Structures are given as C-alpha cells and as structure tokens.
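Novice: Just a sequence and a predicted model for now, questions to come.
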Amino acid sequence: MAAKFGGEAERMRSESVKAVARVLKTDTTRWNGDELTALRDFAVVLGLVPDLGRWSTVEKQQLVQIIQAKAGRDEARYLKLMQRHIRLRKEITRLGS
C-alpha cells in the first residue's frame, strides 16, 4: 500500500473496488449503499487473488451474489453462498495462511 498508493488507504480501497468490479464485469451504479460497502470490504482481499480474472463467468457471478448477499438482511443466504463457492473459500484460506 505504501509503495503503490503512497500510504493512502482510502485511495487503495477506491482503486481496489474499481479493479474488482471491472474484473467481475459488474456495473455497480445501481448498487445500494450497503452493497457498495460490502464490495469495499471484499475488494482489497479480492485484489490479492492473482487469478481472479481467469475465474469462470459462473464463479464471478456467484462472487457478485455473495457480495450482495453480505449486504442483505439474510445472513444465512450469505453463509450458504460462501459455503458453495469452493474457489473463493480456497483463496481466502490461502491468503490467511
């Protein structure tokens, strides 16, 4: 962060959101505030996934659903979607190790 964004955390988050939305080929202009917050929360971590751009269209669509579900009222739906997305779970585990 220090090198690429001059230590500016907000700029890093903003650029991460743009990059992830572009890779996921999703238009966030109609997303509500909670969905955008969830995307901001995921974006920095997703930016660390080296092959995110090579995920299948279905995997990317499922990831968008997960992000939007995180912003929703039904935590169970979010958890169910997370459990089903094997590749995302694998990457989060890898990044956490």
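Specialist: Arrived safely. Numbering: from 1, shown residues only.

Novice: Nearest residue to Q83 in space, please, no chain neighbours.
Specialist: R89 (7.5 Å; Cβ to Cβ, 6 or more residues apart in numbering). Where C-beta positions appear, they are placed from N, C-alpha and C, glycine not excepted.

Novice: these two touch, right, Q68 and T37?
Specialist: No: using Cβ atoms under 8 Å, Q68 is not in contact with T37; the gap is 11.2 Å.

Novice: how long is stretch 4-12 from one end to the other?
Specialist: Stretch 4-12 has an end-to-end distance of 8 Å (Cα to Cα, to the nearest Å).

Novice: How far away from the center of its chain is that stretch?
Specialist: Distance of stretch 4-12 from the chain centroid (Cα atoms, centre = their mean, to the nearest Å) equals 18 Å.

Novice: Could you pull up the mean pLDDT of that stretch?
Specialist: Taken as a whole, stretch 4-12 has a mean pLDDT of 81.

Novice: Okay then, goodbye and thanks.
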